[in-house]
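[1] 3D model of this:
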Amino acid sequence: IISKLIEHTLSFEFEHEFVQNTERVKSVDLHPTEPWILLGLYSGTISIWNYQTKTEEKSLKVSESPVRSAKFIARENWIVAATDDKYIRVYNYDKMENIIEFAEHKDYLRSLAVHPLQPYVISASDDQVLKVWNWSKGWSCYKNLEGHSHYVMQVAFNPKEPATFASASLDGTLKIWSLDSSAPNFTLEGHLKGVNCVDYFISNDKQYLLSGSDDYTAKVWDYDSRNCVKTLEGHGNNVTAVCAHPEFPIIITASEDSTVKIWDAVTYRLQTTLNFGLGRVWSIGYKKGSPQLAFGCDQGFIMVKKEESNSQKTASYAELICWENIIFCLWLFDYKLLLE
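    Numbering: from 1, shown residues only. Sure, this is the predicted structure:
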């Protein structure tokens, strides 16, 4: 309890590490081990930037249509990209050579999710269908998942239980699925308009879902009770991306209002609002073990790092000493009573 009280007296600042003007960035992804950020551009290009050297390392025009989602598959040295021409394309990122491409969806592709352990990729499309692909079997379609009644905007694997995943749709719902079933496990409803994005997060050993919507809000859902526990209000336009920071107790929301909002993941209070001056914000990238975040925007991308300032470190240390003194005094009081 004491540690939680101390933790929530802290406030953090964000340091701009790398800002780069580019064409509209619809997708960002961070490599798990290399200092690389993968961009999916509206122009139909995929690009890898090194955020340490601040240089573009590789770039490839993959389509005349927008790339709405591009992901690293690091264990295979691959990139998988999804475009509006209905194609999924896979490239070896060492040589940027095409490995395979296929078009099985009937409309624009919106989102890709890579399984953390198994050879699966899930695609989400405007054709209202999710498809599960198995790359160990020649990228065969393992499963078709139907149930949404409008565009499926995003799909995300459950990091705690990766045999399950969530989808967000403009039909206003979130659906939770399992790899071993073709029917959804359950559906969450509560947004007033379409849902653009979804992510999982864990707080105090409890599992939650985040969602962002065209109703200008984000919602926090209790995964077990299936209830909305908090609506995060404050954006002035559609919420395009949501995530929970993997290392700090914060929730991040991004919007077409050109801002990013940072929320306390325990109290759900708004901590700060960021505007990078790059136009609408479309995507958020992060990776486990890193304090860094990447944002893809209309006019480029930015890497930021969440750091504690020296004054805040001093304050938190003073607060810790204060709490330790209180605990010690209480212990002495109890010990004195015991002796008496």
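
[2] residues contacting the residue nearest to Asp84 when sequence neighbours are not counted?
    Nearest residue to Asp84 in three dimensions, chain neighbours excluded: Ser65, at 3.6 Å (C-beta to C-beta, 6 or more residues apart in numbering). (C-beta placed from N, C-alpha, C; glycine too.) For Ser65, the contact set (C-beta atoms under 8 Å, 6 or more residues apart in numbering) comprises 44, 83-85.

[3] Backbone dihedrals for Ser65, please?
    As for Ser65, its main-chain torsions (degrees, to the nearest 10) stand at phi -100, psi 160.

[4] Quick check: it vs Asn92, distance?
    Note on Ser65: its distance to Asn92, by C-beta to C-beta, to the nearest Å, is 22 Å.

[5] Poorly predicted segments of the stretch 201-340 of the chain, please.
    308-340 (pLDDT under 70).

[6] And the helices in it?
    Ranges of helices in the stretch 201-340 of the chain, per DSSP state H, counting those that start in this stretch, are 310-339.

[7] quick one, strands of it?
    206-213, 218-222, 227-232, 239-244, 250-255, 260-264, 270-274, 281-286, 292-297, 300-307 (DSSP state E, counting those that start in this stretch).

[8] and if you look at the stretch 51-200 of the chain?
    Under DSSP E, counting those that start in this stretch, the stretch 51-200 of the chain gives strands at 55-61, 67-73, 78-83, 88-92, 97-102, 109-114, 120-125, 129-134, 140-146, 152-157, 164-169, 173-178, 186-189, 195-203.

[9] what are the pairing partners of the shortest one, and which direction each?
    The strands that strand 186-189 pairs with in its sheet are strand 173-178 (antiparallel) (by DSSP bridges).

[10] buried set for the partner strand?
    173-177 (16 or more other C-beta atoms under 10 Å).

[11] quick check, nearest of those residues to Arg280?
    Nearest to Arg280 among those is Leu174, at 22.8 Å by C-beta to C-beta.

[12] Just to check, that closest one is in contact with Val195?
    Yes - Leu174 lies in contact with Val195 (C-beta atoms under 8 Å); the separation is 6.1 Å.

[13] Report the central residue of this protein.
    Cys243 (4.0 Å; C-alpha atoms, centre = their mean).

[14] Backbone torsions only: list them for the nearest residue to Arg24 once chain neighbours are set aside.
    What sits nearest to Arg24 in space, not counting adjacent residues and going by C-beta to C-beta, 6+ apart, is Tyr42, at 3.9 Å. Backbone torsions of Tyr42, given as degrees, to the nearest 10, read phi -60, psi -20.

[15] that older thread, identify the contacts common to Leu174 and Val195.
    What both Leu174 and Val195 touch, as defined by C-beta under 8 Å, 6+ apart, is the set 168, 211.

[16] re the thing from before, and the gap between the residue nearest to Arg24 and Tyr200?
    Taken as C-beta to C-beta, the span from Tyr42 to Tyr200 is 27 Å.

[17] ok, now Arg269?
    For Arg269, the distance to Tyr200 - C-beta to C-beta - is 21 Å.

[18] Pick out whichever of those two has more residues nearby.
    A direct count of neighbours by other C-beta atoms under 10 Å for Arg269 and Tyr200 places Tyr200 higher, at 21 against 9.

[19] any idea how far Lys206 is from that one?
    11 Å.

[20] Next: Ile252.
    In terms of C-beta to C-beta, Ile252 sits 19 Å off from Lys206.

[21] Asp29 now?
    For Asp29, the distance to Lys206 - C-beta to C-beta - is 27 Å.

[22] out of those two, which sits in the more crowded spot?
    When Asp29 and Lys206 are compared on other C-beta under 10 Å, the one with more neighbours turns out to be Asp29, at 26 against 12.

[23] Name whatever forms a beta bridge with that one.
    Leu38.

[24] With distance to Ala166 as added columns, please give the strands of the stretch 201-340 of the chain in CSV.
    Below are these laid out as CSV (distance: least, C-beta to C-beta, whole Å):
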stretch, distance to Ala166
strand 206-213, 6
strand 218-222, 9
strand 227-232, 14
strand 239-244, 11
strand 250-255, 16
strand 260-264, 19
strand 270-274, 24
strand 281-286, 16
strand 292-297, 21
strand 300-307, 25
